[in-house]
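Chemist: Sequence isn't available, so here's the structure alone:
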């Protein structure tokens, strides 16, 4: 009898149950969780069998063990690239058992179509007959197709396009060096997917995370005839980052210092360490929120009296709001604001203040604050505090979450689970 299931779907929880052990004996359970990029996350738990030689670890405790696992290779992120399956290994008393974590493709629950050419992405929909409401999911600026949440949403009964825009493997330009990102790319992809034989309806739900948030917000504001509503999280909703945005002759300038221009980078010299050579890593002292700026300097100013304490620069905030995307024109937006996210704000108080400043007066926006770092996308995976990201050849250590203790990381993974459940509820109630 296996102690763990042979196969699970991503997002499912399970318990560990083992018989035939030496009675009342202390042992260490080890776990190894592989992503799809060759990274291994490890953890261990001290256990003791009962007087009958049995060991039972509840599903919640296994979930906590997964969420607090750490990379064997320092500063690695847990990435599920073009996700179909991966594996966890559980080791106890020199016995190893493997759990295969699947997307639903292997079991035939969902179908995948690869888009390569003018549009790059992966399309997922249920294998059962019928047409399904369409979601277009736009992830962050990492140069891989990260489609694990799209596979999960397809299992919920949707036709989901994971739309890529920064994947050089498939011929796309580097996001951080291009002049702008044209929203016509999103427009034409939506028009194409709505014509698909398995697509239902004449509008989509547009979902964005990180850089995908400003793309989704911008297009949802400009084309409410094509976008039923927007669901966004962990990204800017006012102006673009990484590069400018354009649409039909109009442009929105970026609100972030260009990491690839030395004169821009020098503005942050107080807050970072320069790479010593090309193999070294650019390290920010506090978080990449330091790069956010308006017409009057950084969005967040360090207090002159106290190192590490920041205040909202109201003049720059006002200049950003004056130029922001026309969110008032959008049908509806549900925004999940991450409170423990060093990419967006110095601390939870300023995260709340900034979100309320930019969106609090919008009647068509529902805000929910979540006690999570930046990567609150998929439940039941390791919570990553920091990792190294490549900006067109410049390696930068990104701080993703201020939740560094195991207790806080467990709270964060509970938020990941709650957010995913809330998203499915929003979809069912409104779409």
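Modeler: Perfect, I can see it now. Remember, it's a predicted structure, so these values are computed and weren't measured experimentally. Residues are numbered from 1 along each chain as shown.

Chemist: contacts and neighbour counts: CA atoms only from here.
Modeler: Will do.

Chemist: and the nearest residue to residue 369 once chain neighbours are set aside, what does it touch?
Modeler: Leaving aside its sequence neighbours, residue 369 sits nearest to residue 337 (C-alpha to C-alpha, 6 or more residues apart in numbering; 4.8 Å). Applying C-alpha atoms under 8 Å, 6 or more residues apart in numbering to residue 337 gives the contacts 233-234, 351-352, 355, 367-370.

Chemist: hmm, try it at 6 Å
Modeler: The contact partners of residue 337, taken as C-alpha atoms under 6 Å, 6 or more residues apart in numbering, are 233-234, 369-370.

Chemist: By mean pLDDT, flag the weakest helix or strand of the chain.
Modeler: Lowest mean confidence among the helices and strands of the chain (mean pLDDT, DSSP states H and E): helix 262-265, at a mean of 74.

Chemist: where's the helix or strand just after it relative to the chain centroid, distance-wise?
Modeler: Counting by DSSP states H and E, the next helix or strand C-terminal to helix 262-265 is strand 272-273. With C-alpha atoms, centre = their mean, to the nearest Å as the basis, strand 272-273 stands 25 Å off its chain's centre.

Chemist: now swap in stretch 334-349 and tell me
Modeler: With C-alpha atoms, centre = their mean, you get 13 Å for stretch 334-349.

Chemist: Pull up the distance across it, start to finish.
Modeler: For stretch 334-349, the first-to-last residue distance is 20 Å (C-alpha to C-alpha, to the nearest Å).

Chemist: Just the buried residues of that stretch, please?
Modeler: Buried residues in stretch 334-349, counted by 16 or more other C-alpha atoms under 10 Å: 334-348.

Chemist: Output the below-cut-off pLDDT ranges for this structure.
Modeler: In the predicted model, the chain carries pLDDT under 70 at residues 259-260, 278, 392.

Chemist: Which single strand of it contains the most residues?
Modeler: strand 199-209 (DSSP state E).

Chemist: Partner strands of that one, with direction?
Modeler: Each strand that pairs with strand 199-209, with its direction, by DSSP bridges: strand 132-138 (parallel), strand 227-233 (parallel).

Chemist: who wins for proximity to residue 261 among those?
Modeler: Evaluated over these, closeness to residue 261 peaks at strand 132-138, with 26.5 Å, by C-alpha to C-alpha.

Chemist: quick one: contacts of the closest one?
Modeler: Defining contact as C-alpha under 6 Å, 6+ apart, one finds that strand 132-138 is touched by 158-163, 199-200, 204-208, 212.

Chemist: change it to 8 Å
Modeler: By C-alpha under 8 Å, 6+ apart, the surrounding residues in contact with strand 132-138 are 125, 150, 157-164, 190, 193-194, 198-201, 203-209, 212-213, 215-216, 431.

Chemist: Which secondary structure state is assigned to residue 214?
Modeler: Secondary structure, DSSP: H, G, I helix; E, B strand; the rest coil: residue 214 is helix.

Chemist: tally of neighbours for it?
Modeler: 26 (other C-alpha atoms under 10 Å).

Chemist: list the contacts for it?
Modeler: 208, 235-241.

Chemist: Just send those residues back as JSON lines, with secondary structure, distance to residue 101 and neighbour count too.
Modeler: Shown next, in JSON lines, are the contacts of residue 214 (DSSP: H, G, I helix; E, B strand; the rest coil; distance: C-alpha to C-alpha, whole Å; neighbours: other C-alpha atoms under 10 Å):
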{"residue": "208", "secondary structure": "strand", "distance to residue 101": "25", "neighbour count": "23"}
{"residue": "235", "secondary structure": "coil", "distance to residue 101": "28", "neighbour count": "27"}
{"residue": "236", "secondary structure": "coil", "distance to residue 101": "32", "neighbour count": "23"}
{"residue": "237", "secondary structure": "coil", "distance to residue 101": "34", "neighbour count": "25"}
{"residue": "238", "secondary structure": "coil", "distance to residue 101": "37", "neighbour count": "25"}
{"residue": "239", "secondary structure": "coil", "distance to residue 101": "37", "neighbour count": "24"}
{"residue": "240", "secondary structure": "coil", "distance to residue 101": "35", "neighbour count": "27"}
{"residue": "241", "secondary structure": "coil", "distance to residue 101": "34", "neighbour count": "26"}
